[in-house]
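Engineer: need the 3D shape of this:
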Amino acid sequence: MKKEISKALKRIEEDIKNDDLGKARDRLHGLISTFPNELKLRKKLGDIYFELKYPAMAGRYWYLEKNKTSIMIHACIEFENSMGNDINNIARALKYKGDIEILIGLELDTALLYKVKEKLVEEPDVPTELEDKLIIFGCLSITFLITILIFVGAATVLSWIFFN
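Structural biologist: Model (predicted):
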C-alpha cells in the first residue's frame, strides 16, 4: 500500500514541477478516495488548492491537519464561513471516509473544530434501510419504463415500415 502511494506521489510531484496543478489535484482526489486514512494526502491537496487560489477549498482539506500555520488557519476559517459555520455542512463537506479512530486521536484546538470532529465521529454517513429500498425501487422503475418505451418505439417503427 505504501508503495502505491509513494509511486503516485512521485507522479504528483512531477505534475507540480511541470506546473500541471489540475492533474496533480485530480490524482490526489483519487488517492484520498483510495486511501482515506492518509491525512497527509489531504494536506497536500490543500496545498495545491491554495496554489490554485482557492483558499476555502484549501481550508476544507487542511481542516483535519493537526499543526496548522496561520495561512492554514485563515483558509479553514474561510472554509467554515463558506459553509455558513454550520457543523453539519462542514462535516458533510469534509467527506471523510476513513477510520473514525484516527479522528478520535486528533486534538483540535477550536470549539468549532472539536464539534465538527464529534459530528464526524458520532454519525457515519450510512444510508438507512428505507433509503436503500427507495433507491432500488427507483432504479427498477426507470429500467422498466425504459424497456416499455423501447418496445413501443420498435412497434411504432415496424408499423410505419410494414403498414404504410
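Engineer: so, low pLDDT: which residues of the protein?
Structural biologist: 1, 105-114, 117, 121-128 (pLDDT under 70).
Engineer: quick check, central residue of it?
Structural biologist: residue 95 (4.7 Å; CA atoms, centre = their mean).
Engineer: that one: what's it in contact with?
Structural biologist: Residues in contact with residue 95 (CB atoms under 8 Å, 6 or more residues apart in numbering): none are found. All C-beta spots, glycine's among them, are computed from the backbone N, C-alpha and C.
Engineer: next: residue 5.
Structural biologist: Neighbour list for residue 5: 31, 35, 38, 41 [criterion: CB under 8 Å, 6+ apart].
Engineer: now, the most widely separated pair of those residues?
Structural biologist: Of all pairs drawn from these, the greatest distance, 7.4 Å, lies between 31 and 38 (CB to CB).
Engineer: neighbour count for the two, which is higher?
Structural biologist: The neighbour comparison of residue 31 against residue 38 (other CB atoms under 10 Å) goes to residue 31, with 20 against 17.
Engineer: circling back: would you turn the contacts of residue 5 into JSON lines with secondary structure and distance to residue 141?
Structural biologist: Formatted as JSON lines, those follow (DSSP: H, G, I helix; E, B strand; the rest coil; distance: CB to CB, whole Å):
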{"residue": "31", "secondary structure": "helix", "distance to residue 141": "37"}
{"residue": "35", "secondary structure": "coil", "distance to residue 141": "37"}
{"residue": "38", "secondary structure": "coil", "distance to residue 141": "40"}
{"residue": "41", "secondary structure": "helix", "distance to residue 141": "39"}
